[in-house]
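[1] sequence and predicted model, in that order:
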Amino acid sequence: MKVLVLHGVNLDMLGKRDPVQYGTVTLSEIDEALRSLGVELGVDVESFQSNVEGALCERIHRAHGTVDAVLINPGAWTHYSYAISDALAILDVPIVEVHLSNIHAREAYRRTSVIAPIARGQIAGFGLDSYLLGLRGIVSTVRATQANSSG
């Protein structure tokens with residue numbers, strides 16, 4: 001099983017950016033924790049980050065037919081990127097949206113996600129654990145779907 005992890009705009013600045021909201025964990029630490037959990041779960045985890053919306057859309061396009069699931073933290077694009085939402089909707093795999101902070105307890109504009117309507121679920125507010133919970137959930141979802149289709 002292959003899971004693509006997508007990190008959106010400004011997430012490359014984790015560890016330097018607003019530690020009250022995002023903690024001190026860096027993006028490389030998140031990716032390492034996801035790879036380690038992937039090994040434990042027996043799945044291949046590939047991570048990609050971009051501050052360019054079109055680059056993220058291109059990576060999503062390349063994922064078509066090559067991944068079993070997508071775990072995404074779109075960053076600020078969560079709230080307005082119909083381009084990313086549309087690109088994800090092309091994929092025929094489960095998608096889980098994650099956020100380090102609780103977007104529903106922050107500014108009003110952060111409470112809306114244009115990704116959530118196409119996602120299997122959303123996990124927010126648990127820092128690094130949001131990603132790890134998201135990976136566990138998406139792997140469980142894919143395995144259940146595979147078991148149901150083979151049985």
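    Here it is on my side, so go on.
[2] next structured bit after the helix or strand bottoming out on mean pLDDT in the chain?
    Least confident helix or strand of the chain, by mean pLDDT, DSSP states H and E, is helix 19-22 with a mean of 76. Next helix or strand after helix 19-22 toward the C-terminus (DSSP states H and E): helix 27-41.
[3] picking up where we left off before, so what touches the least confident helix or strand of the chain?
    14, 100, 101, 106, 127 (Cβ atoms under 8 Å, 6 or more residues apart in numbering). Yep, even glycine has a C-beta here, placed from its N, CA and C like the rest.
[4] flag the least confident of these.
    Within the contacts of helix 19-22, residue 106 has the lowest pLDDT, namely 76.
[5] okay, now that one: neighbour count?
    14 (other Cβ atoms under 10 Å).
[6] ok, the one 10 residues further on next?
    Burial measure for residue 116: 14 neighbouring residues, criterion other Cβ under 10 Å.
[7] ok, it - contacts?
    97, 122 are the contacts of residue 116 under Cβ under 8 Å, 6+ apart.
[8] swap in the one 10 residues further on?
    Listed by Cβ under 8 Å, 6+ apart, the contact set of residue 126 reads 100, 133.
[9] from residue 15, how far off is it?
    17 Å (Cβ to Cβ, to the nearest Å).
[10] what's the answer for residue 115, then?
    24 Å.
[11] neighbour count for the two, which is higher?
    residue 115 (23 against 15).
[12] any idea how far the more buried one lies from residue 68?
    19 Å.
[13] got it, and residue 45?
    11 Å.
[14] and the angle from the lengthiest helix in the chain to helix 27-41?
    Longest helix in the chain by number of residues (criterion: DSSP state H): helix 128-150. Relative orientation of helix 128-150 and helix 27-41, computed by axes from the mean of the first three to the mean of the last three Cα atoms, to 10 degrees: 40 degrees.
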